[in-house]
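J.: The following block contains a protein sequence and its predicted model.
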Amino acid sequence: MKKVLGEFEELILLLVAVQHDHAYGLSIKTAIEEMGRSVNLSNVHTTLYRLEEKGMVVSSMGDSSATRGGRRKRHFIITQSGKIALKESKESRLMLWDSIPNLVMEGI
Amino acid sequence: MKKIQPPRLADHLFSLYCKNELRESILGDLHEQFYQDVKKKGLIKAKLIYWFTVLKFFNRFTTGKKNQSSNPFIMKSYIKDPFRFLAKNKTYTLINIAGLSIAIVSCLLIFYFLHHELSFDQQHTKNIYRINFIYADNSGTETKMVNSPPMLAPGIRGNYPELLKASQLRYTQRSTLRNGDKVFYEDYGFYADSSFLEMFSFPAISGDVLTALDAPNSLVITKKLAEKYFGDQDPMGRTILMNGEMNLEVTAILDDIPTNSHIRFDFLVSFSTYQIPSGYRSDLTSWSWLGFLTYVELTPEADPMVFQGKLDAKFVSLFPKWNTPFKTIVQPLDDIYMGSSELVDDLASHLRMGDKSSIYALTIIAVLILFIACFNLVNLTTAISLTRGKEIGVKKVLGIEKTKLISQVILESVFIACFSALIAYGIGLLLFPKIKQLLSWDLELDYLTILYSIPIIFSISIAIGIITGLYPSLLLSNLNGAQAIKSGFKSSKGTNRMSNGLIGLQFFIAISLITATFTVHNQLKMVRNASLGIESEQVVAMKLLPQDMNRYFDRFKENLSQNSQILNVSRSERIVGDPWPVNSILVVGEDPSESKQISGNLVGYDFLETFGINLTQGRSFSREIASDSLGAIIINEACAKFLGLEDPIGTNVNFFSIDGPRTVIGVMEDFNFSSLHHEIGPAVIILPFLDFEHLYIEVAPGNLLSRLNLIEEQWKNITNGAPLEIQLMDDHLNRLYQNEEKLSHLITGFSLLAVFLSCLGLYGLIAFVVNKKLKEIGIRKVLGASVPSLLMLFSKRFVLIISVSALLAAPIIYYIMSLWLDGFAYRISFNWSTVLLAMVVLTLISVLTIGHQTLKTVLQNPVDVLRDE
């Protein structure tokens, strides 16, 4: 069965790819908020775990810092199937973009 | 300064549910976010966000629960197993269902009663109050009365900003109503004006209630009376003859007054029709004649206590010379039914008054009965667990989860409880009319009440199931699987102690109830047999309309007196046994502030003779002495003492309600003119000329029925068939103890139930114990144990438990019964032998129960039980 990405999942997956090697729960949450969208930390985490369940990201324990009380971060890295899913998603969007008649998008 | 850090509690909570792999990284993120938030949004907001996020994190990833793969095959067995188990153990199931359904029936019936008792006067507007009066005599003794003066309602109407409406009622004495040839006595009627129906919401079937009572000679009747007098015809506009002299026009018909209304009436006559009976000194402008009922409606924001203060001030200004002016109690409508036990009602029996103590007693009893049944369930479930070792063992070995095992056992008890509730509904609805009659409950069962009770009863049942199933289920689920299969489930010290304790509690309750039954019974017997100081066995009492009394008395008495079966005929205003009206008395020449309150009755000639009351001094009323009817008074010994009279004969006293001073002509022995709840008080009798309602006939000893027939015949001859209400004086006096009689029925019934339920549980328990010990009995028999010694073996434990519970119950029941007995002026002392008796009775019944079960086994040939090994 082909795994479908939800909108929020796609966003998170993109950010994991963007912050390659440095992505963890809070950093992604901060990135989303910088885009002007508010989100709860738990939603980000849950989505990350769901993506992990679907095999699109893998996680590993990383470094820690003082503000974390010495607790380590869980870093997420995008997998091959994650990359394929992103690419497919992008292509299907582009295909749709291409088929929009020119006059519809005129004047913006 | 306190260190800024994330809320600890939230951390703990999170660590509690989050699985280990994720905990560290998420907590790290949380903390990091927290310190960022503190900088950006402040400490409080950061903490809030922290909490919110911790709570939001609760999901399947963090808790680590996998999506449960529910095998439909196993699921089915979870549902099926409890049923299978219950079907297999029929005795167990039956005993439990029988016990629980009996207990739930009691609860159900008590629930209906309580629901009714607590639903009084709910349909009316809020902010209605009754104005009660307190008057104090010079000694400071206060009497609180529900009655108020006739001037109160008209006098305060419109004079206080918080007062919206004021309305007054005057009871109609027993009256006859007649439509054509239909004539009946009616006891429950009031004179009222339209403001009464404006204030109270009694729905009308036809007519306009707001104006129905405006015109004189208007009559408002209930549906019940409409059907009684007019059948299918429309009563509106028709006339009814009241007391044979007043034509009243029916102007409205009300729906029947619900039984949960403290004001009880079948008809209302317009207040403008009311005439003061001739001979009364007061009139409707009186501010001191406490013979009416006044209800007021205040504005929602008004404080009744403030209003009460204004009324009190008014009475101080009205009677500036009184040492102890009237005080008022402004009593809210929803308090009237339950909160009037201290108030005296001079309108005898028109108003319904609730009884708080019976409500408490019933609730306690219902809970006790329920406890007994629940203890049975726990005990039997624990006992039967002993036989389930193999089943549980196999399940455990096959890997059943602990929670599943617990829920299975609980499901069994829940099923038993719910099934019992179902049966209880059937029995309850079937029994309700009988119980209602037995306890003379004045209530109807409507479908809404039944509907109300369903969720309550079933949630109680489910709760019972869960609570009773909990202990045995924990017991079973903690078994070691392999061990359970090998050697079965052994009863431990803990389980034995538990079941001993529960049985003890059951017997404790049963002994208390049995002792209470004996005590109530003894007290009532004493009261019934106690001498009131009057001879009432041969006295017949008739209640007549005053005008019938005036019309027929002389001729009736003359005709009766010619017969040798009739010894004496007399009459009085108040019947002996009911409280007599209280009035002030003052020895002539003494200061008015010395006046005292005293009970008095208006009687006819031969009153003392009819009741066999002896005079210690002086003489009785005499027809030969004309002044007796105007100027004579007979006092009792208590009254002589009360007034401090050494030589009372010839003393002149002013008896408030009647004109002129009266001379004491005789002193009668003390007799109890009301019930034995009260001490004999000071009392007087005088001879007036009117206002008699009660006629007494003393008949010669012999066949009572023939004498009653004679009286009835004479009455019919004289009156051409006026209705006749006749009763034996003793019956009337017994009715004074109606409440106690009811209580006695109730406690007897419930203590029987308690004993029955306890023994039912015992029966079931013994069955299992004996079953477990079949081999032991066999071996003992082979070794030469006798049958009685084997019976002893099983009974010993229970006899011991009963004795201990009796010891514990005795002081508690002594205390409770002493409280109850204190309600009587004449009481038996608590008899300790009743506790002993209860114990013996209970022991006997239990030994019989045990004996029945064990004898069967004990008499078996030991070979039968031993040979399979």
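T.: Nice, thanks for sending it over. Numbers count the residues shown, from 1 in each chain, chains lettered A, B, ... in the order given.
J.: and B:Asp266, what does it touch?
T.: B:186, B:188-189, B:221-222, B:224-225, B:257 (CB atoms under 8 Å, 6 or more residues apart in numbering or on different chains). (Each C-beta comes from the backbone N, C-alpha and C, glycine too.)
J.: pull the CA atoms of the lengthiest helix in chain A into PDB?
T.: Using DSSP state H to define each element, chain A has its longest helix at helix A:80-98. In PDB, the C-alpha atoms belonging to helix A:80-98 read as follows (Å, rounded to 0.1, in the frame of the first residue of the first chain):
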ATOM      1  CA  GLN A  80      15.100   7.000   1.600                       C
ATOM      2  CA  SER A  81      11.400   6.300   1.600                       C
ATOM      3  CA  GLY A  82      10.800   9.700   3.200                       C
ATOM      4  CA  LYS A  83      12.700  11.300   0.400                       C
ATOM      5  CA  ILE A  84      10.700   9.400  -2.200                       C
ATOM      6  CA  ALA A  85       7.500  10.400  -0.600                       C
ATOM      7  CA  LEU A  86       8.500  14.000  -0.500                       C
ATOM      8  CA  LYS A  87       9.500  13.900  -4.100                       C
ATOM      9  CA  GLU A  88       6.300  12.300  -5.200                       C
ATOM     10  CA  SER A  89       4.300  14.800  -3.300                       C
ATOM     11  CA  LYS A  90       6.200  17.600  -4.900                       C
ATOM     12  CA  GLU A  91       5.800  16.200  -8.400                       C
ATOM     13  CA  SER A  92       2.100  15.700  -8.000                       C
ATOM     14  CA  ARG A  93       1.800  19.300  -6.900                       C
ATOM     15  CA  LEU A  94       3.900  20.500  -9.700                       C
ATOM     16  CA  MET A  95       1.800  18.500 -12.200                       C
ATOM     17  CA  LEU A  96      -1.300  20.200 -10.800                       C
ATOM     18  CA  TRP A  97       0.400  23.600 -11.000                       C
ATOM     19  CA  ASP A  98       1.300  23.000 -14.600                       C
END
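J.: B:Leu545 and B:Val344, how far apart?
T.: Going from B:Leu545 to B:Val344 by CB to CB, to the nearest Å gives 25 Å.
J.: do B:Leu380 as well
T.: From B:Leu380 to B:Val344 the distance is 53 Å (CB to CB).
J.: Enumerate the residues of chain A near chain B.
T.: A:24-26, A:29, A:40-43, A:45-46, A:49-50, A:61, A:64-65, A:67-69, A:71-74 (CB under 8 Å from any CB of the partner chain).
J.: Need the buried ones from those selected in ChimeraX.
T.: To isolate the buried subset of those in ChimeraX, counting by 16 or more other CB atoms under 10 Å in any protein chain shown, use the following:
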select /A:24,25,26,29,41,42,43,45,46,49,50,64,68,69,71,72,73,74
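J.: and the residues of chain A next to chain B, which of them are in strands?
T.: Of these, the ones assigned to strands by DSSP state E are A:61, A:64, A:72-74.
J.: Farthest pair within those residues?
T.: Across these, no pair lies farther apart than A:Ser64 and A:Arg74, at 10.9 Å, counting by CB to CB.
J.: Now for the residue in the stretch 351-500 of chain B that chain A sits nearest to: which residues touch it?
T.: Per CB to the nearest CB, B:Glu401 is where the stretch 351-500 of chain B lies closest to chain A, at 24.7 Å. By CB under 8 Å, 6+ apart, B:Glu401 lies in contact with nothing.
J.: For it, report the pLDDT, please.
T.: On the pLDDT scale, B:Glu401 is placed at 75.
J.: same thing with B:Pro788?
T.: 84.
J.: if we can go back for a sec, so between B:Leu380 and B:Val344, which is more surrounded?
T.: Higher neighbour count among B:Leu380 and B:Val344: B:Leu380, with 28 against 16, using other CB atoms under 10 Å in any protein chain shown.
J.: Leaving out the residues flanking it, which one is nearest to that one?
T.: Among residues not flanking B:Leu380 along the chain, B:Gly764 sits closest, at 4.9 Å (CB to CB, 6 or more residues apart in numbering or on different chains).
J.: Buried ones in the host helix or strand of that neighbour, by neighbour count?
T.: Element membership for B:Gly764 (DSSP states H and E) is helix B:738-772. Of all the residues in helix B:738-772, those buried under the rule 16+ other CB under 10 Å are B:740-744, B:746-751, B:753-770.
J.: next one: it to chain centre, how far?
T.: 22 Å (CA atoms, centre = their mean, to the nearest Å).
J.: Adjacent strands (with direction) for the helix or strand of chain A with the lowest mean pLDDT?
T.: The least trusted helix or strand in chain A, going by mean pLDDT, DSSP states H and E, turns out to be strand A:57-64, with a mean of 88. Using DSSP bridges, the strands paired with strand A:57-64 are strand A:72-78 (antiparallel).
J.: element containing B:Ile406, please.
T.: B:Ile406 is part of helix B:402-438 when elements are defined by DSSP H and E.
J.: Give me the helices and strands touching that helix, please.
T.: For helix B:402-438, the elements it packs on are helix B:72-88, helix B:90-117, helix B:356-385, helix B:389-397, helix B:447-477, judged by 3 or more CB pairs under 8 Å, 6 or more residues apart in numbering or on different chains; DSSP states H and E.
J.: Could I get the ones you listed in CSV, plus columns for mean pLDDT?
T.: Shown next, in CSV, are these (pLDDT from 0 to 100):
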stretch, mean pLDDT
helix B:72-88, 76
helix B:90-117, 86
helix B:356-385, 83
helix B:389-397, 79
helix B:447-477, 84
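J.: where does B:Ile253 fall, phi/psi-wise?
T.: phi -120, psi 130 (degrees, to the nearest 10).
J.: Please read the previous query as pertaining to A:Met35.
T.: Main-chain dihedrals, A:Met35, degrees, to the nearest 10: phi -80, psi 0.
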